[in-house]
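In: what follows is a predicted protein model with its sequence.
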Amino acid sequence: MSRTGRVERVTNETKVLVEIDLDGTGRGDLATGVGFYDHMLNQLAKHGGFDLLVRTEGDLEIDAHHTMEDTALALGEAFAIALGDKAGIRRYGSATIPMDEVLVRAAVDLSGRPYVVHEEPALAPYIGPVYPTSMTRHIFESFGHAAKVTLHVSVLRAAREGGHPDAHHVVEAQFKAFSRALREAVEIDPRNAGALPSTKGVL
């Protein structure tokens, strides 16, 4: 059974196409116009084990906000479509990921209830020329609400004692942990015999 999703989202601010295959090989084909964001989406593909195509044309002459937000919304919608009825999945996933001095924990419940908790320290305002670090939280919130998942992402350690956080490491570790948690949650559980993992009978 194919677990794929495709979403086209067009507004006066952006034009977005997202295609995702949850049972892919980790192949990313990404072009948002925001280089570091493409790098983070590639973490989702590689560490989530998803095949991911993203094409976004946005009003970058204003700033990167609309481009990043609308891409995350379309990605969440496509993810929800790919999940289908969720029969047989593990539902829950978690990962604790080190990246040099940084340690991040992510936990996800494919619950059908959108709720996002995000904890990170103050970071330098930009990574590269156009990625505002304030958008990391908003990306997770946009994805979580569109995909209707419960998501917690917490930076447990951001820097060496007395040092300043490296924003690149802190954000990338978050995306890697997020991706690994999603990978576990979407896996088919062989002990579940295709049943929906909920006592309520609905997710």
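Out: Right, received. Where do you want to start? Numbers count the residues shown, from 1 in each chain.

In: contacts, neighbours, all on C-alpha from now
Out: OK.

In: the residue located most distally from the centre of the chain: which element?
Out: For the chain, the largest distance from the centre (Cα atoms, centre = their mean) belongs to residue 162, which lies 30.4 Å off. Using DSSP states H and E, residue 162 is not contained in any helix or strand.

In: ok but residue 197 is inside a helix, no?
Out: No. Checked against DSSP: H, G, I helix; E, B strand; the rest coil, residue 197 lies outside a helix; its state is coil.

In: tell me if I'm right that it and residue 87 touch.
Out: Yes. Under the criterion of Cα atoms under 8 Å, residue 197 makes contact with residue 87 at 7.3 Å.

In: give me phi/psi at the residue farthest from the centre of the chain?
Out: phi 80, psi 0 (degrees, to the nearest 10).

In: contact partners for it?
Out: The neighbourhood of residue 162, defined by Cα atoms under 8 Å, 6 or more residues apart in numbering, contains no residues.

In: let me see the confidence value for it.
Out: Looking at residue 162, its pLDDT reads 88.

In: surely residue 36 touches residue 132?
Out: No. Assessed by Cα under 8 Å, residue 36 is found out of contact with residue 132, at 9.9 Å.

In: tell me which stretches of this protein form helices.
Out: For the chain, the helices defined by DSSP state H cover 35-48, 65-83, 135-147, 167-186.

In: looking at the ones you listed, which is closest to residue 17?
Out: With distances scored as Cα to Cα, the stretch of the helices of the chain nearest to residue 17 is helix 65-83 (7.4 Å).

In: what packs against the closest one?
Out: Counting contacts by 3 or more Cα pairs under 8 Å, 6 or more residues apart in numbering; DSSP states H and E, helix 65-83 packs against strand 4-10, strand 14-21, strand 51-58, helix 135-147.

In: can I get these in JSON lines including mean neighbour count and mean pLDDT?
Out: JSON lines is the format used below for these (neighbours: other Cα atoms under 10 Å; pLDDT from 0 to 100):
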{"stretch": "strand 4-10", "mean neighbour count": "18", "mean pLDDT": "98"}
{"stretch": "strand 14-21", "mean neighbour count": "21", "mean pLDDT": "98"}
{"stretch": "strand 51-58", "mean neighbour count": "21", "mean pLDDT": "98"}
{"stretch": "helix 135-147", "mean neighbour count": "21", "mean pLDDT": "98"}
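
In: dump these to CSV, plus distance to residue 93.
Out: Listed next are the helices and strands packed on helix 65-83 as CSV, based on distance: least, Cα to Cα, whole Å:
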stretch, distance to residue 93
strand 4-10, 20
strand 14-21, 18
strand 51-58, 19
helix 135-147, 14
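
In: alpha carbons only: can I get stretch 101-111 in CSV?
Out: Extracted C-alpha coordinates of stretch 101-111, given in CSV (Å, rounded to 0.1, in the frame of the first residue of the first chain):
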residue,chain,number,x,y,z
GLU,A,101,28.1,20.0,22.0
VAL,A,102,24.4,20.1,21.4
LEU,A,103,21.8,17.6,22.7
VAL,A,104,18.2,17.6,21.5
ARG,A,105,15.2,15.5,22.4
ALA,A,106,12.1,15.2,20.2
ALA,A,107,8.9,13.2,20.8
VAL,A,108,5.9,12.8,18.6
ASP,A,109,2.4,11.4,18.8
LEU,A,110,0.5,11.0,15.5
SER,A,111,-2.6,11.6,17.6
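
In: fine, thanks again, bye for now.
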